[in-house]
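Novice: My questions concern the predicted model and sequence given below.
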Amino acid sequence: MKLLGRFKIKKILQQQGKSSFSESVGHAVDGIEYVANHERNFRIEIFIAIFVTVMSFFLNVSILEWCLLILVIGIILALEMVNTAMERCVDLVTKDYKELAKIAKDVAAGAVLIMSMFSVILGILIFLPKMLELIK
């Protein structure tokens, strides 16, 4: 079986409505930009992420602590974007109040809240002992 050339594959994918990798990345960046410009909670979470990063440098966290903090920050930001996508999809389907639409939105928001609460616990476990040591 003869392999298709790169140009032919790209042309076939474009005909099927599939975009190139760089176009896909561009769409993803558009999504991040949309959430950053339209979602207050996302901007608050970005501010907190920057604050946590600065505190981490100041308090000299370990490499394992850095990994945990970066992972949690990434999960929260990604969950906020999924929450926004869920809300927009529900709004696309119905403008009327529907109990199932409310449940879908509430559950997505609840996922962000749960992860945020666990991130606060992680922050306390990492930062509190270091801050108490500075006070002594």
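Specialist: Right, received. Where do you want to start?
Novice: any residues touching stretch 36-51, and which ones?
Specialist: For stretch 36-51, the surrounding residues in contact (CB atoms under 8 Å, 6 or more residues apart in numbering) are Val35, Ile73, Ile76, Leu77, Glu80, Met81, Thr84, Val112, Ser116. In short, each C-beta sits where N, CA and C put it, glycine included.
Novice: mind running it again at 7 Å?
Specialist: Stretch 36-51 is contacted by residues Val35, Ile73, Ile76, Leu77, Glu80, Thr84 when judged by CB atoms under 7 Å, 6 or more residues apart in numbering.
Novice: quick one, phi/psi of the fourth one?
Specialist: Dihedral angles of Leu77 (phi, psi; degrees, to the nearest 10) stand at phi -60, psi -40.
Novice: buried sites along the helix or strand containing Val54?
Specialist: When elements are assigned from DSSP states H and E, Val54 belongs to helix 40-58. Within helix 40-58, the residues that qualify as buried are Phe42, Glu45, Ile48, Ala49, Val52, Met55, Ser56, counting by 16 or more other CB atoms under 10 Å.
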